[in-house]
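[1] Only the shape, not the letters, is given here:
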DNA sequence: CCGTTTTCAACATAAATTTATAGGAATGAT
DNA sequence: ATCATTCCTATAAATTTATGTTGAAAACGG
């Protein structure tokens, strides 16, 4: 599979979760809550959030009453920023970022194909913000609730 | 990284290599040659080619004088066919293929984002054939040769 | 101000998967 | 019979995924 790593998947869910609470005020969110809401172990979330913190996408507040908040507004954080922080790059293959990675790059047609695909993904992920992801999620939650109620 | 596995990358190079010889006649290509030309170990190529054979994208001929040939014309094999055979799917995440994979699918906004990205990739990889990949490669090789000669 | 609690931080380790190598058996051409 | 090749199975190495254990910082109650 062309696999988006769990880091990327879980990381986005973590960020969307933080984004949801971001609009509800400024209080910090603890990973325990995210863990319960998203069904991802705290320990793993702790590892995933480190690069997000390094890249200033989240801020941490230590001690009782502490937790995490978004580093910027959800409208200012793009999906590609999150993936970039978590995976180092959005590229499908190393050789797209680093042409010296493989000594065949200059005579490899598949390289160009992967490069094209990578560009598609980058453009797509650059056009979606955390705010968009949050709205998508909220809409789905509302729809699911409505459906449950109707029943 | 959103990673295309080595299976996918090596598999495409293997297929393009077979495609190159396909037009030169019908003789079978041995993995030893592919290994030397592509710089990929025979043992690993042997593993990679199994699903390609199962999916009829290549044919094998056993014994001395044997080897592999393409199962169809290079114009009839698309990049997505090769990836599908090798990786089982072109999806970025499991939950796009199998919505029951994660119980949050129905209320997860990121799911929709990955689904959109997957569709982009699928469309892109459906529009490129082995023939296209071969031509890209041949063009690059010719350009590299010309450059070397000029020097 | 002190001890307790809450939370992030850091390090270590286990489990699973992917990537890669190895040995030899089966097959078929000459 | 011999040799070249695919085929099958095992296993080693590296990476990703996940959990456990302890430590350190900050708030809070007394």
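    Alright, I've got the coordinates. The shown structure was predicted, so the numbers you read here are calculated from the model rather than taken from an experiment.

[2] give me the low-pLDDT residue ranges for chain A?
    Low-confidence regions of chain A, defined by pLDDT under 70, span residues A:1, A:23-26, A:151.

[3] Could you point out the longest helix of it?
    helix A:130-150 (DSSP state H).

[4] helices or strands up against that helix?
    When contacts are defined as 3 or more C-beta pairs under 8 Å, 6 or more residues apart in numbering or on different chains; DSSP states H and E, helix A:130-150 sits against helix A:6-22, helix A:79-87, helix B:109-126. C-beta: built from backbone N, CA, C; applies to glycine.

[5] is the longest one up against DNA strand D anywhere?
    No. Using C-beta under 7 Å from any atom of the strand as the criterion, no contacts between helix B:109-126 and DNA strand D are found, and the smallest distance is 13.7 Å.

[6] when you scan stretch A:96-108, is anything in it near chain B?
    Yes. Stretch A:96-108 is in contact with chain B by C-beta under 8 Å from any C-beta of the partner chain, via A:103, A:104, A:106, A:107, A:108.

[7] can you give me how far that stretch is from the chain middle?
    Centroid separation between stretch A:96-108 and its chain, computed with C-alpha atoms, centre = their mean, to the nearest Å, is 28 Å.

[8] Counting neighbours, which bits of that stretch end up buried?
    A:96, A:102, A:104, A:105, A:107, A:108 (16 or more other C-beta atoms under 10 Å in any protein chain shown).

[9] now the fourth one, nearest residue through space, not along the chain?
    Nearest non-adjacent residue to residue A:105, counting by C-beta to C-beta, 6 or more residues apart in numbering or on different chains: residue A:99, 4.8 Å away.

[10] Isn't that neighbour up against residue A:107?
    No. Using C-beta atoms under 8 Å, residue A:99 is not in contact with residue A:107, being 11.9 Å away.

[11] which residue packs closest to the residue nearest the centre of chain A, ignoring adjacent ones?
    The centroid of chain A falls nearest to residue A:12 when counting by C-alpha atoms, centre = their mean (2.7 Å). The shortest distance from residue A:12 to any non-neighbouring residue, by C-beta to C-beta, 6+ apart, is to residue B:110 (4.6 Å).

[12] wait, doesn't the one you found sit right on residue A:10?
    No. Assessed by C-beta under 8 Å, residue B:110 is found out of contact with residue A:10, at 9.6 Å.

[13] Among those two, which residue is more densely surrounded?
    residue B:110 (26 against 22; other C-beta atoms under 10 Å in any protein chain shown).

[14] residues touching the more buried one, list them.
    The contact partners of residue B:110, by C-beta atoms under 8 Å, 6 or more residues apart in numbering or on different chains, come to A:9, A:12, A:13, A:16, A:133, A:137.

[15] what about the nearest residue to the fourth one once chain neighbours are set aside, how many neighbours?
    If you skip the residues right next to it in sequence, residue A:16 has residue A:133 as its closest partner in space, 4.9 Å away by C-beta to C-beta, 6+ apart. The tally of other residues near residue A:133 (other C-beta under 10 Å) stands at 26.

[16] about what we covered before: from the buried residues of stretch A:96-108, which two are the most distant?
    By the measure C-beta to C-beta, A:96 and A:107 form the most distant pair in these, at 15.7 Å.

[17] So which residues on chain A come close to DNA strand D?
    Counting by C-beta under 7 Å from any atom of the strand, chain A comes close to DNA strand D at A:3, A:5-7, A:10, A:41, A:43-44, A:46-47, A:61-66.

[18] ok, these vs residue B:127, which is closest?
    residue A:3 (22.0 Å).

[19] so how many other residues sit close to that closest one?
    Residue A:3 has 19 neighbours, counted by other C-beta under 10 Å.

[20] how much space between it and DNA strand C?
    Counting by C-beta to the nearest atom of the strand, to the nearest Å, the gap from residue A:3 to DNA strand C is 7 Å.

[21] Show me what that residue is bridged to.
    Beta-bridge partners of residue A:3, counted by DSSP bridges, are residue B:3.

[22] I'd guessed it sits against residue B:7; true?
    No. If you go by C-beta under 8 Å, residue A:3 and residue B:7 don't touch, sitting 11.0 Å apart.
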